[in-house]
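K.L.:
just to be clear, the model below is a prediction. Sequence and coordinates:
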Amino acid sequence: MFDDFFIRALLGGIGTAIIVGPLGCFIVWRRLAYFGDTLSHSALLGVALALLFEINITVAVFITSLVVAFSLFLLQKRRNLSSDTLLGMLAHSSIALELVVLAFMSWVRVDLLGFLFGDILSITKTDVFLIWFGGIIVLAMLVKIWRPLFAATVSPEIAKAEELAPDYTNILFMIMMALVIAISMKIVGVMLITALLIIPAAAARSFSRSPEQMALLAILFGILAVSFGLFGSLQFDTPAGPSIIVSALLLFIVSILPNLFSSQEKSTEIKNTKIRSR
Amino acid sequence: MPQETKKLIELQNAGVFRSGGWLVRGISMSVNAGEIITLIGPNGSGKSTTAMMALGLIKTDEGSTFRRPNLRVGYVPQKLSIDWTLPLTVRRFISLTKNIPANDIDFALSLTDTSHLAKKELRTLSGGELQRVLVARAIALSPEFLVLDEPVQGVDFNGEARLYSLIEETRKRLNCGILLISHDLHMVMSATDQVICLNGHICCSGSPEVVTSSSEFRTLFGDKVASTLALYQHKHNHEHALDGSIKSAPKDKSLIKTSSEDTNSRDGKETSHV
């Protein structure tokens, strides 16, 4: 069964969706949508450094993501610049750095697009294993720090005053993010990771009554997006990664439809009552 | 020594320095179990900063802080903004930092008249409702040290009085130490053991009667407010610049209480209204 490239792609994609669903919820709750972006862009710098020092790409990506995440953490604590300014700065300077580093290595030819979109169809058995094994570790960590991490998301002040050590959990969260990007980037690509982080979580919001419910729904929507996307790409002969993102987007649009209609009804109700009261 | 074991937190000559100036400086205070300490002072006088020092939320740049190890803390922050993306019901919010039995959640909500909100999402609450829920959450933790940063902001008139009596009841029920930041001077008069009047430094402190009648308090809050509360007064021994720093050196070395007749003759216009 594992010999079929399509099955491997499906397993790898679903594995990624399961890991990034809950993490993506935290990214959305903390208004860090740009953070995932920045981390994955810095991952490209990791690729360049790996080629420069001839070390393992996954290790290099993990270390670079970690360094970028920590510098963001420290810069945020000083509160001199707003988060989005910092994130924009880090994202673009790490991409620029990568291109400069690559330019110095004229002997290296690297396919940047490959790392941006990944190639989920060329995924190997080892890759699938790596995703599921790493994913289980990350999810176990997440379950363990769920309460303090969620409390720190709602209010860092309350979390700290009530002895939940938000700094410590925030650092763990960043390590987890760096780990996920390092594991899955080579396989599914930078764009797909960020898209899978944010879109399923955003789609899950309309149907959720509790944070845990939203995390589980985000996983479900991620799995659906990966499956629809891959089957769609097979059916219509479209590129696999982008097809997954497109199907995630379609899911999101469907998810906000009921809300759109109900709020429209409400506003017409209000108009009607206003007219009646006149 | 029983005195020592009762002490929950203590600040000694503590201060916070930020971007070229002292937010607060020279703060010495302590909160014991079963005690209500109230911080009052104008905007920007360092009330929240002082509370945050006591909680260990910000490091002091000067002086020392003590907090009893493993102190169970309940905190009502001044602000809480809930993002639209957070699906969080009131009930779930109560057990944010600790698992709390369902009965205790119901009890805490009933204390703040918010039982009907239990299943609502936090972001749909009004300012006053959110404030009541924040107080309910802090009380539900059965804290040993309760810090309330302007707990009644946006709460309606009746609710305000009820919240204040709830704070008093909570002190009795849990025998917890309470640090309260308040603008409501009438509350200061009724339940507080000690009032600390801040303006970048401790301006004056003592029992509510002493503080409301002091001339430092009058200068900060205006004679009219003070004279509706004051029983007797003493002379101001220093003057403030606008940032709260002390402008002139103390004229009198000690605080001298003057008789009420003296007061009337000096502030005749204001007190005659009373």
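P.N.:
Sure thing, it's come through.
K.L.:
interface residues of the stretch 1-150 of chain B facing chain A?
P.N.:
B:52, B:55-57, B:73-75, B:77, B:80, B:82-83, B:85-89, B:92-93, B:96-98, B:121, B:141, B:147 (CB under 8 Å from any CB of the partner chain). Bear in mind the C-beta positions are built from the backbone N, C-alpha and C, glycine included.
K.L.:
now, those that are in strands?
P.N.:
Of the residues of the stretch 1-150 of chain B next to chain A, the ones assigned to strands by DSSP state E are B:73-75, B:147.
K.L.:
quick one: buried ones out of the residues of the stretch 1-150 of chain B next to chain A?
P.N.:
For those, a neighbour count by 16 or more other CB atoms under 10 Å in any protein chain shown gives the buried set as B:52, B:55-57, B:73-75, B:77, B:80, B:82, B:85-89, B:92-93, B:96-98, B:121, B:141, B:147.
K.L.:
what distance separates stretch B:128-140 from the middle of the whole chain?
P.N.:
16 Å (CA atoms, centre = their mean, to the nearest Å).
K.L.:
okay, the residue lying closest to A:Met174 once chain neighbours are set aside and A:Phe26: tell me how far apart.
P.N.:
Excluding its sequence neighbours, the residue lying closest to A:Met174 (CB to CB, 6 or more residues apart in numbering or on different chains) is A:Ala69, at 3.8 Å. A:Ala69 is 13 Å from A:Phe26, where distance means CB to CB, to the nearest Å.
K.L.:
about what we covered before: and of the ones in strands among the residues of the stretch 1-150 of chain B next to chain A, the nearest to chain A?
P.N.:
Nearest to chain A, judged by CB to the nearest CB, of those is B:Tyr75 at 3.8 Å.
K.L.:
residues in contact with the closest one?
P.N.:
A:157-158, A:161-162, B:55, B:138, B:146-147, B:149 (CB atoms under 8 Å, 6 or more residues apart in numbering or on different chains).
K.L.:
where does pLDDT dip in chain B?
P.N.:
Filtered on pLDDT under 70, chain B yields the residue ranges B:1-5, B:186-189, B:223-274.
K.L.:
helix/strand/coil for B:Arg25?
P.N.:
Three-state call for B:Arg25 (DSSP: H, G, I helix; E, B strand; the rest coil): strand.
K.L.:
ok, it to chain A distance?
P.N.:
Separation of B:Arg25 from chain A (CB to the nearest CB, to the nearest Å) stands at 21 Å.
K.L.:
let me see the backbone angles for A:Leu216.
P.N.:
phi -70, psi -40 (degrees, to the nearest 10).
K.L.:
ok, it to B:Glu35 distance?
P.N.:
Plainly put, A:Leu216 is 46 Å away from B:Glu35 if you go by CB to CB.
K.L.:
higher neighbour count, those two?
P.N.:
B:Glu35 (19 against 16; other CB atoms under 10 Å in any protein chain shown).
K.L.:
give the other helices and strands that the host helix or strand of A:Ile219 contacts.
P.N.:
Using DSSP states H and E, A:Ile219 sits within helix A:211-236. For helix A:211-236, the elements it packs on are helix A:5-29, helix A:190-205, helix A:240-277, judged by 3 or more CB pairs under 8 Å, 6 or more residues apart in numbering or on different chains; DSSP states H and E.
K.L.:
let's have those helices in a markdown table, adding mean pLDDT and mean neighbour count.
P.N.:
Output for the helices and strands packed on helix A:211-236, formatted as a markdown table (pLDDT from 0 to 100; neighbours: other CB atoms under 10 Å in any protein chain shown):
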| stretch | mean pLDDT | mean neighbour count |
| --- | --- | --- |
| helix A:5-29 | 92 | 24 |
| helix A:190-205 | 89 | 26 |
| helix A:240-277 | 73 | 14 |
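K.L.:
got JSON lines for those, with distance to chain B too?
P.N.:
As requested, these are exported to JSON lines (distance: least, CB to the nearest CB, whole Å):
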{"stretch": "helix A:5-29", "distance to chain B": "5"}
{"stretch": "helix A:190-205", "distance to chain B": "6"}
{"stretch": "helix A:240-277", "distance to chain B": "11"}
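K.L.:
out of the ones you listed, flag the one nearest B:Val195.
P.N.:
helix A:5-29 (39.4 Å; CB to CB).
K.L.:
which residues are in contact with the nearest residue to A:Ile245 once chain neighbours are set aside?
P.N.:
Once flanking residues are discounted, A:Ile245 sits nearest to A:Ala195: 4.3 Å by CB to CB, 6+ apart. By CB under 8 Å, 6+ apart, the residues touching A:Ala195 are A:244-245, A:248.
K.L.:
mind doing that once more with 10 Å?
P.N.:
Taking CB atoms under 10 Å, 6 or more residues apart in numbering or on different chains, we find A:Ala195 in contact with A:20, A:24, A:36, A:188-189, A:222, A:225, A:241-242, A:244-246, A:248-249.
K.L.:
which residue packs closest to A:Thr63, ignoring adjacent ones?
P.N.:
If you look again at residue A:63, you'll see it is Ile, not Thr. A:Ile63 sits nearest to A:Gly46 (CB to CB, 6+ apart), 6.8 Å away.
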